[in-house]
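A.B. asks: Please work out how this folds:
(one chain, ligands or ions: 1)
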Amino acid sequence: MKLWGGRFTKETNQLVYNFNASISFDQKFYKQDIRGSIAHVTMLAKQGILTAKEKEAITAGLVSIEQDIENGTLAIDSTSEDIHSFVEATLIDRIGDVGKKLHTGRSRNDQVALDMKLYTRDEIRETDDLLKKLLTTLLHLMEEHLDTYMPGFTHLQKAQPVTLAHHIGAYFEMFKRDRSRLSDILKRMNTCPLGAGALAGTTYPLDREYSASLLGFDGPTLNSMDSVSDRDYLIEFLSALSMIMMHLSRFCEEIILWNSNEYRFVELDDSYSTGSSIMPQKKNPDIAELIRGKVGRVYGALQSLLVTMKGLPLAYNKDMQEDKELSFDAMDTVKGCLALFEGMISTMRFNKAVMEASAKNGFTNATDAADYLVNHGVPFRDAHGIVGQLVLHCIEKNIALDDMTLEEFKAVSPVFEADIYDAISLKTCVEKRLTIGAPGKAAMEKVIAQYKEYLG
Ligand code: ARG
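C.D. replies: As a prediction, the model looks like this:
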């Protein structure tokens, strides 16, 4: 059934109809559409615009439509223009003329604005749940690896030793910020556009506060033109999703490196890796690579909507129908990636011995050797130079700082004594870093206690 046509004398060209139609993708929010309609008729009845009986009939009809779509007895008709027309036509088909009253005091413009908001709100909550689950897994790993030493890198060069708990903690912070971004968006977007009509409100005495409260909003939107043309919240969500993907892809990149033959810091579980069709020895980190690769489409969705919305005059324009397909894809992609990433990391094995050995070679304790000299009165700049000479000496002899004899130390600076070995041991290097946010175990334990409280 067409929702319009009275003023037309010709049939729509088939190509035009297909080009215009959105049913193939907006059917994704049939639940939200029905939920919004039920709230709308409930409000209409409260205001005496519909009778209680009419409201009952319409609501029962809408509930039956939702149930039947759900249990597969009602197929969404792909020849309908959009999900709004499909639901309305099915309703009229089922309950007769009273169904035609559903759209009183409403336009598809405020309807679609509502549906998209409801859908986005649900998606934000689902994404947040997945983030929380991932954070819980990360926290467990942190607790398990407080003493797992590994090199920390800058410029992908070994820099100073850290622990695996500390490294994972960096990602904990990132995903925690992601959650807080989501909750900011939820707060800002939580106003209800229903009742804004096509663009200028309606002449019916609608109670917009009431519909807003029925749908869990903080209140109604305050400008009807903005209500039907606002997609800011969706752009914000796509931006938050892009950031989540950036964080996932950085972590994936590290896992790909760590899983390589050269590093061997980790081994992916067989259930989370794949083989090669030609090279029998291969066990590839495809999941991590795919997550890294899927960042492109999520950034793309953000960029696409920014461009679509740019320069649009008030109020509703059909361009805005383009807010859906790529956004839906981005939302599904991120949820999938979060779930898979969580599964991958919770089944992965960490080769503690290899990580520790790697932290030992590569002069990650050079800063600590310089700090030793500073603690014995040598100015830092001089200490830096002295340790530089030691490193050069070690490189020539292909040994680590710890392997040098005390005579060799003393030959470069007489300040060194036998306690230098303890001062530059891996354990000391890590455990002495006790300022909040540093990898030392006692410092990490304080942070972990805060994380536990945060996750509740
Ligand atoms: N399918 C449309 C969309 O997604 C629904 C709103 C239609 N409104 C209109 N004035 N044609 O934006």
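A.B. asks: Now do the residue lying closest to residue 202 once chain neighbours are set aside against residue 226, distance only.
C.D. replies: Nearest non-adjacent residue to residue 202, counting by C-beta to C-beta, 6 or more residues apart in numbering: residue 105, 4.5 Å away. C-beta coordinates here come from the backbone N, C-alpha and C atoms, glycine included. Separation of residue 105 from residue 226 (C-beta to C-beta, to the nearest Å): 19 Å.
A.B. asks: what does residue 35 give?
C.D. replies: 23 Å.
A.B. asks: Now for the residue nearest to residue 202: which residues touch it?
C.D. replies: Residues counted as contacts of residue 105 (C-beta atoms under 8 Å, 6 or more residues apart in numbering) are 40, 44, 49, 195, 197, 202, 204, 206.
A.B. asks: tell me the secondary structure for the fourth one?
C.D. replies: This means residue 195. coil (DSSP: H, G, I helix; E, B strand; the rest coil).
A.B. asks: That one - how many residues pack around it?
C.D. replies: 26 (other C-beta atoms under 10 Å).
A.B. asks: Mind jotting down where the strands sit in the protein?
C.D. replies: Using DSSP state E, the strands of the chain run over 149-154, 157-163, 191-192, 219-220, 266-267, 349-350.
A.B. asks: export the second one as PDB, just CAs?
C.D. replies: Same thing as strand 157-163. Taking C-alpha atoms only, strand 157-163 is exported to PDB below (Å, rounded to 0.1, in the frame of the first residue of the first chain):
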ATOM      1  CA  GLN A 157      62.400  -0.400  19.300                       C
ATOM      2  CA  LYS A 158      62.900  -1.900  22.800                       C
ATOM      3  CA  ALA A 159      62.800   0.900  25.300                       C
ATOM      4  CA  GLN A 160      62.200  -0.100  28.900                       C
ATOM      5  CA  PRO A 161      60.800  -3.200  30.500                       C
ATOM      6  CA  VAL A 162      57.200  -3.300  31.400                       C
ATOM      7  CA  THR A 163      54.800  -6.100  32.300                       C
END
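A.B. asks: List of residues touching that strand?
C.D. replies: If you take C-beta under 8 Å, 6+ apart as the criterion, strand 157-163 is touched by 145-153, 358-359, 362-365, 367-368, 426, 429-430, 439, 441, 444.
A.B. asks: Buried among those? Make that a PyMOL selection.
C.D. replies: The PyMOL command for the buried members of the contacts of strand 157-163 (criterion: 16 or more other C-beta atoms under 10 Å) is given here:
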select buried, resi 145+146+148+149+150+151+152+153+358+359+362+363+364+365+367+368+426+429+430+439+441+444
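A.B. asks: The ligand is nearest to which of the strands of the chain?
C.D. replies: The ligand sits nearest to strand 191-192 of all those, at 17.0 Å, using C-beta to the nearest ligand atom.
A.B. asks: Relative to the ligand, which residue of the stretch 301-450 of the chain is the closest?
C.D. replies: residue 321 (3.7 Å).
A.B. asks: Give me the phi and psi for the nearest residue to that residue once chain neighbours are set aside.
C.D. replies: Nearest residue to residue 321, sequence neighbours excluded (C-beta to C-beta, 6+ apart): residue 22, at 5.4 Å. With angles defined as degrees, to the nearest 10, residue 22 sits at phi -130, psi 10.
A.B. asks: Could you measure from residue 22 over to the ligand?
C.D. replies: To the ligand, residue 22 is 4 Å away according to C-beta to the nearest ligand atom, to the nearest Å.
A.B. asks: what do you get for residue 89?
C.D. replies: In terms of C-beta to the nearest ligand atom, residue 89 sits 15 Å off from the ligand.
A.B. asks: what pLDDT does that residue get?
C.D. replies: What the model reports as pLDDT for residue 89 is 97.
A.B. asks: can you count the residues close to the nearest residue to residue 366 once chain neighbours are set aside?
C.D. replies: Nearest non-adjacent residue to residue 366, counting by C-beta to C-beta, 6+ apart: residue 387, 5.2 Å away. Burial measure for residue 387: 24 neighbouring residues, criterion other C-beta under 10 Å.
A.B. asks: Give the full set of residues in contact with the residue nearest the centre of the chain.
C.D. replies: Centroid check for the chain by C-alpha atoms, centre = their mean gives residue 244 as the closest residue, at 3.7 Å. Residues in contact with residue 244 (C-beta under 8 Å, 6+ apart) are 127, 131, 175, 178, 334, 338.
A.B. asks: who in the stretch 251-400 of the chain is up against the ligand?
C.D. replies: 316, 318, 320-321 (C-beta under 6 Å from any ligand atom).
A.B. asks: would you turn these into CSV with pLDDT and neighbour count?
C.D. replies: Output for these, formatted as CSV (pLDDT from 0 to 100; neighbours: other C-beta atoms under 10 Å):
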residue, pLDDT, neighbour count
316, 97, 21
318, 98, 8
320, 98, 22
321, 98, 17
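A.B. asks: Of these, which is the nearest to residue 411?
C.D. replies: Taking C-beta to C-beta as the measure, residue 411 lies nearest residue 320 of these, at 74.9 Å.
A.B. asks: The closest one and residue 422, how far apart?
C.D. replies: Look at residue 320 and residue 422: by C-beta to C-beta, they are 67 Å apart.
A.B. asks: swap in residue 93?
C.D. replies: From residue 93 across to residue 422, the span is 83 Å (C-beta to C-beta).
A.B. asks: do the same with residue 454
C.D. replies: 36 Å.
A.B. asks: Now for residue 230, how many residues are close by?
C.D. replies: Using other C-beta under 10 Å: residue 230 sits among 22 other residues.
A.B. asks: correct me, but it touches residue 113?
C.D. replies: Yes: Residue 230 is within contact range of residue 113, at 7.1 Å (criterion: C-beta atoms under 8 Å).
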